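J.: Got a sequence here, can you model it:
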Amino acid sequence: MSDLAQMPSLAPHAPETRGRSLFSLAMRRFRRNRAAIAGSIVLVLVALFSFVGPLFSDHAYDQVFPSYVSVPPSLSPRPGAETLQGAMESAVQRARVRLESFTVEGHSFTATLGADQPIDPRTTRYIDRANEFDDTTVKETQEDGRKLIVEGRVTREYFPFGTDSNGRDLLVRVMLGGQISIAVGVLASLVSLGIGVVYGATAGYLGGRIDNVMMRFVEILYSLPFVFLVVLLVVFFGRSFILIFLVIGAVEWLDMARIVRGQTLALKRREFVGAAESLGLSDWQIIRRHIIPNTIGPVVVFVTVIVPKVILLESFLSFLGLGVQAPLTSWGALIAEGANNIQSAPWLLIFPSIFFVVTLFALNFVGDGLRDALDPRDR
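T.: Just a heads-up that it's a prediction; the model follows:
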């Protein structure tokens, strides 16, 4: 009997089961939504384009190319071979000398300059000032200095998105606009999310006179003109990038508060809230643990709508001179500028609009996916 007791048990062990958290279940449902995954990938690509793209560009966002004003988009390098002759003639004309010959071989050029008087060797500065040429040096002097043979390098630039009316690379401008628009949209949405959710959940759960007073305060803020509020804050705190998303977020939380309040009024009558009250939880504990988590679905969807709305509000402020100022820009400011030049330079409107619309659709797909994944009824 003792030998049997010492023998190991031959009964199979029960398989170990691991519980899954609500977050892991929500992420599993989110990954099954192909549209939401595609939207997330698009948002990541747009963010990489906006924030990482400028690191690989040779042009600065405020760099002006006087020779390439309102140039249409092209994958070919500029200048073309047919325009180099005219560019050199314009450069030597400003130097008040004659262009007697001009040849181009690959990325190098050779030009012969002539004049009735001896030519100052510093005349090559006029050639270097043109965007097409650089590193111009005097190779040979003839006829007692009245003829110079100069050589230099042909500078070729790429403008896949074209240039604007000031000669700035639109590709880099769209990247910079994406940085500011995405930053303002996300930060302002977070401000409105933080204020609106807490305010609306508190008003809806407490109810009674407190709810009445809190919502009357919201209606008073609704009655204030948005532009007047912005001007007032700019006068007191000065114009800054941080003020832009603070002002927009301080206004957009009103809609968020009303939505969360409506959800809270429906949730406060549910059985789990009554069970939490019977356990002796305080009002703030019930709001934080039960009310706010169950309003995440509609809130997330509303946040995805706020972001493009905030981008448009930011462009409106920039148009009034209260937002982003030149040479900084945003997608909204680029779209407004492109709308004014739609007949002469339609690419100024097309490219920023494409990025804005793509970002809008991606946010909507991600919002729908998060709503379905975080819906308490699907848990």
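
J.: going forward, measure contacts and count neighbours with C-alpha atoms only.
T.: Fine.

J.: elements contacting the lengthiest helix in the chain?
T.: When the chain is parsed with DSSP state H, its longest helix is helix 170-206. In terms of contacts (3 or more C-alpha pairs under 8 Å, 6 or more residues apart in numbering; DSSP states H and E), helix 170-206 is packed against helix 34-51, helix 208-223, helix 241-267, helix 296-319, helix 331-340, helix 347-374.

J.: by how many degrees do it and helix 241-267 diverge?
T.: Relative orientation of helix 170-206 and helix 241-267, computed by axes from the mean of the first three to the mean of the last three C-alpha atoms, to 10 degrees: 40 degrees.

J.: Only the buried residues of helix 170-206, if you could.
T.: Residues 170-193, 195-206 are the ones in helix 170-206 that count as buried (16 or more other C-alpha atoms under 10 Å).

J.: what helix or strand does Ser70 sit in?
T.: Using DSSP states H and E, Ser70 sits within no helix or strand.

J.: any idea how far it lies from Ser24?
T.: Separation of Ser70 from Ser24 (C-alpha to C-alpha, to the nearest Å) stands at 51 Å.

J.: When the two are compared, which one has more neighbours?
T.: Comparing Ser70 with Ser24 by neighbour count (other C-alpha atoms under 10 Å), the higher total belongs to Ser70, at 21 against 11.

J.: mind listing what that one touches?
T.: Ser70 makes contacts with Gly162, Thr163, Asp164, Ser165, Asn166, Gly167, Ala345, as judged by C-alpha atoms under 8 Å, 6 or more residues apart in numbering.

J.: With Gln325 instead?
T.: Going by C-alpha under 8 Å, 6+ apart, Gln325 touches Ser318.

J.: now do Glu219
T.: Glu219 neighbours (C-alpha under 8 Å, 6+ apart): none.

J.: May I have the distance across stretch 69-86, first residue to last?
T.: End-to-end span of stretch 69-86 (C-alpha to C-alpha): 16 Å.

J.: Ser76 belongs to a strand?
T.: Yes. Assigned with DSSP: H, G, I helix; E, B strand; the rest coil, Ser76 falls within a strand.

J.: quick one: stretch 28-45 to chain centroid distance?
T.: What separates the centre of stretch 28-45 from the centre of its chain is 19 Å, taken as C-alpha atoms, centre = their mean, to the nearest Å.

J.: no no, stretch 61-74
T.: Centre-to-centre, stretch 61-74 and its host chain are 22 Å apart (C-alpha atoms, centre = their mean).

J.: Quick check: the residue lying closest to Ser318 once chain neighbours are set aside vs Leu206, distance?
T.: Nearest residue to Ser318, sequence neighbours excluded (C-alpha to C-alpha, 6 or more residues apart in numbering): Val324, at 5.1 Å. According to C-alpha to C-alpha, Val324 stands 41 Å off from Leu206.

J.: show me the residues around Asn33 that make contact.
T.: Applying C-alpha under 8 Å, 6+ apart, we find Asn33 in contact with Gly369.

J.: what do you get for Ile287?
T.: Taking C-alpha under 8 Å, 6+ apart, we find Ile287 in contact with Ala201, Thr202, Tyr205.

J.: elements contacting the longest strand along the chain?
T.: Taking DSSP state E as the criterion, the chain has its longest strand at strand 133-142. In terms of contacts (3+ C-alpha pairs under 8 Å, 6+ apart), strand 133-142 is packed against helix 124-128, strand 147-154.
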